[in-house]
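Trainee: generate coordinates for the sequence data below:
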Amino acid sequence: MNKRLMRSNDRVLAGVCAGIADYLSFDPTMVRIAYAFLTFFTCFSGIPFYIVLWIVMPEKRLLDY
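Mentor: Modelled structure (predicted):
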């Protein structure tokens, strides 16, 4: 199985955290909470990181069969 890191359709903002959760087989809510804590405790340096991932990660699209 070939896994790719892609933004998820399960979105709150852009689907970045849910895409990371899908890739790592974690619960998306836990990844969002971890991201929020890490962003807060690192003087909000997670915000530019999120924006870069939003731009770089491709969007997951449903295949038409």
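Trainee: show me where pLDDT drops low in the protein?
Mentor: Applying pLDDT under 70 to the chain picks out residues 1, 62-65.
Trainee: all helices for it, in order.
Mentor: Remark: helices assigned in the chain by DSSP state H are 16-24, 28-41, 46-56.
Trainee: pick the most buried one from these.
Mentor: helix 16-24 (a mean of 21; mean count of other CB atoms under 10 Å). C-betas here are computed from N, CA, C, even on glycine.
Trainee: can you name the residues in contact with it?
Mentor: In this structure, residues lying in contact with helix 16-24 by CB atoms under 8 Å, 6 or more residues apart in numbering are 3-12, 26-28, 30-32, 35, 50, 53-54, 57, 60.
Trainee: what angle do that helix and helix 46-56 make?
Mentor: Angle of helix 16-24 versus helix 46-56, following axes from the mean of the first three to the mean of the last three CA atoms, to 10 degrees, is 70 degrees.
Trainee: please consider this matter closed, and thank you.
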